[in-house]
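Q: The following block contains a protein sequence and its predicted model.
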Amino acid sequence: MNFIHLFAAIAIWLASYYPGLDIILSLLYLFVISMEAGITKEKWEKKKILLSWQGPAMILSLLSIAGLQMADLSNLSFFLLEFWFTPVIPLLSLINPGLILDHPFYYYLLLLMPVLLSAYYYFLPYKTTQ
């Protein structure tokens, strides 16, 4: 899963120079994740994958929410969170209702993204093979 995430981030970063291609690759990323989730059969295996895939993002999100002021860690963690979610940033750019509570809407979506992607991956139907 981490290889999928890494290569998707690189591909989408390079595709951002061509309008629309980054959105197509983001959708392809979500499709590949759903295919990988269908291959994974056991719940404990999905939990291990989620911990390695979304664990760092959850920590960064919690640091941003906590607003730790030690060396301005909250801004740094949000900056790293943007890099972590490079594969889905183009999709977040499509949603822009404006400012909510002094921050753009994508700010809150990015903080929720570890939970949203974890739920997307975990609750996809299991693929049964017989």
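A: Structure's in. What do you need?

Q: which residues in this structure form helices?
A: Here the chain has its helices, by DSSP state H, at 2-15, 21-39, 43-66, 73-84, 89-92, 105-122.

Q: So which of those is the most surrounded?
A: Most buried of the helices of the chain, by mean neighbour count (mean count of other C-beta atoms under 10 Å): helix 89-92, with a mean of 19. The way it works is simple: take the backbone N, C-alpha and C, and place the C-beta from them, glycine included.

Q: Quick one: low-confidence residue ranges for this protein.
A: 1-2, 40-41, 68-74, 98-100, 125-130 (pLDDT under 70).

Q: how about 80 then?
A: Filtered on pLDDT under 80, the chain yields the residue ranges 1-3, 5-6, 36-43, 66-76, 95-104, 124-130.

Q: most centrally placed residue in it?
A: The centre of the chain sits closest to residue 85, judged by C-alpha atoms, centre = their mean, with a distance of 4.2 Å.

Q: Look up phi and psi at that one.
A: The phi/psi pair for residue 85 (degrees, to the nearest 10) reads phi -100, psi 30.

Q: How about the contacts made by it?
A: 57, 92, 110, 113 (C-beta atoms under 8 Å, 6 or more residues apart in numbering).

Q: which one among those residues gets closest to residue 19?
A: residue 92 (16.2 Å; C-beta to C-beta).

Q: gap between that closest one and residue 116?
A: Applying C-beta to C-beta, to the nearest Å, the value for residue 92 to residue 116 is 11 Å.

Q: what does residue 108 give?
A: Between residue 108 and residue 116 the distance is 11 Å, computed by C-beta to C-beta.
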